[in-house]
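**Q** Compute the structure for the input listed below.
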Amino acid sequence: MESASYFAKKHGLEQYLDRPAELNELIFKLLILQESLQNERTRVKRNAGAGAGEETISIRRTVAGKFTAASIGDSRYRYAVETALRGSTATIAVFQRARFIKMLSDMGVPGERIAEYCDTVTLDDDTQVIDRE
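**A** Residues are numbered from 1 along each chain as shown. Purely as a prediction, here's the structure:
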C-alpha cells in the first residue's frame, strides 16, 4: 500500500498534502465534470445510433460493504461531527481508463478497437447508501 506522501509525489500532488479539504473539493469537481462529459457523450452516441456490427456492451456490479470516516477532537461535539462526516462523504463509481486499456490489450483486442471502446465508456451510477441509523 502506498503512503499518502509517496502517492502525492508520484502524481505531482505534493501541494495538497497539507490541504486535504482543497484536494477533496478538486476531486469532487472532477467527478462532476466526468459525469457531465459522460452524460453528454451518451446522449450524442444515443442520437447517432450504433454502427453496423456495433452494440452496447454493459455490466452491472453490485456493491456491498462499508467505509469508515473518522476525526479526532473534543467529544462534546460528537453529534455534530458524526452528522458532518455522514453528510460530507459518499461512495462513487470510478472508471480506471489505464487499467481498462491494459486489460483489453492483454486479451488481444486491437488498439483501434480499444480506442473506440474508451471513447464510448459511460458510468451510470445508481448506488444507494443506506444509513440504518
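**Q** Within the helices and strands, which one has Val81?
**A** Following DSSP states H and E, the helix or strand that holds Val81 is helix 78-87.
**Q** Glu35 too?
**A** helix 20-48.
**Q** just checking, what packs against that helix?
**A** Where contact means 3 or more C-beta pairs under 8 Å, 6 or more residues apart in numbering; DSSP states H and E, helix 20-48 is packed against helix 111-120. The C-beta positions use only the backbone N, C-alpha and C, and glycine is treated the same way.
**Q** need the contact list for the spatially most central residue of the chain.
**A** When C-alpha atoms, centre = their mean is applied to the chain, the residue found nearest the centroid is Val94 (2.6 Å). By C-beta atoms under 8 Å, 6 or more residues apart in numbering, the contact list for Val94 reads Leu123.
**Q** quick one: it from Gly73, how far?
**A** Val94 sits at a distance of 30 Å from Gly73 (criterion: C-beta to C-beta, to the nearest Å).
**Q** repeat for Leu33
**A** The gap separating Leu33 from Gly73 is 33 Å, by C-beta to C-beta.
**Q** got any ranges where this protein has weak pLDDT?
**A** Filtered on pLDDT under 70, the chain yields the residue ranges 1-2, 45-52, 126-133.
**Q** next one: phi and psi at the residue in it sticking out farthest from the centre?
**A** Ranked by distance from the centre of the chain (C-alpha atoms, centre = their mean), the top residue is Arg76, with 34.6 Å. Backbone torsions for Arg76, taken as degrees, to the nearest 10, come to phi -60, psi -20.
**Q** Next: Ile59.
**A** Dihedral angles of Ile59 (phi, psi; degrees, to the nearest 10) stand at phi -130, psi 160.
**Q** So what's the residue count around it?
**A** By the measure other C-beta atoms under 10 Å, the count of residues near Ile59 is 4.
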